[in-house]
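*Asks:* Build me a model:
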Amino acid sequence: KMSNKDMLHLAEQAVVPRDIKQLRACIDCHLIKTVRQFQSGGCENCGERDGDDLDSWTTVNFTGMAAIAQPKGSWVSRWLRKEDLKPGCYALEVVGERQGDE
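*Replies:* The predicted structure is shown next:
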């Protein structure tokens with residue numbers, strides 16, 4: 001069982017959208033953030049940092065959302081195959097392909 005201190009630490013690390021407008025999902029890992037969050041911080045899982053070219057690696061075409069607070073040990077993260085990713089909100093399905101990947 002996790003201590004309160006450990007749970008607080010995980011909560012502080014979670015990457016969550018700060019608004020419900022202008023949400024986008026990373027095409028590779030499905031992390032959901034606002035446009036502004038992606039522009040300023042990129043994708044914490046994939047290391048993608050090009051805020052000027054969001055259309056090439058993020059999409060607005062996604063369905064569903066799962067909030068994963070404890071990727072290690074959560075049955076939801078195992079089911080979604082997101083155990084090795086940062087805590088945060090993830091799209092269940094993403095439509096699109098990375099632009100420039102041939």
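*Asks:* Torsion angles phi and psi at the residue most central in space within the chain?
*Replies:* The residue at the geometric middle of the chain, judged as the C-alpha nearest the mean C-alpha position with C-alpha atoms, centre = their mean, is residue 31 (1.6 Å). In this entry, residue 31 is assigned phi and psi values of phi -60, psi 130 (degrees, to the nearest 10).
*Asks:* Mind listing what's buried along stretch 61-81?
*Replies:* Within stretch 61-81, the residues that qualify as buried are 62, 66, 68, 70-71, 74, 77, 80, counting by 16 or more other C-beta atoms under 10 Å. Every C-beta, even on glycine, is put in place using the N, C-alpha and C of the backbone.
*Asks:* Now the element after the strand or helix carrying residue 5, going C-ward?
*Replies:* Taking DSSP states H and E as the definition, one finds residue 5 inside helix 4-13. Next in sequence after helix 4-13, counting helices and strands by DSSP H and E, comes strand 23-26.
*Asks:* what about the protein, any weak spots by pLDDT?
*Replies:* Judged by pLDDT under 70, the chain has its weakly predicted residues at 1-2, 7, 10-11, 100-102.
*Asks:* those strands in it, which residues are they?
*Replies:* Remark: strands assigned in the chain by DSSP state E are 23-26, 32-34, 58-59, 62-68, 88-94.
*Asks:* Quick check: which of those strands is nearest to residue 14?
*Replies:* With C-beta to C-beta as the criterion, residue 14 lies closest to strand 88-94 of these, at 5.4 Å.
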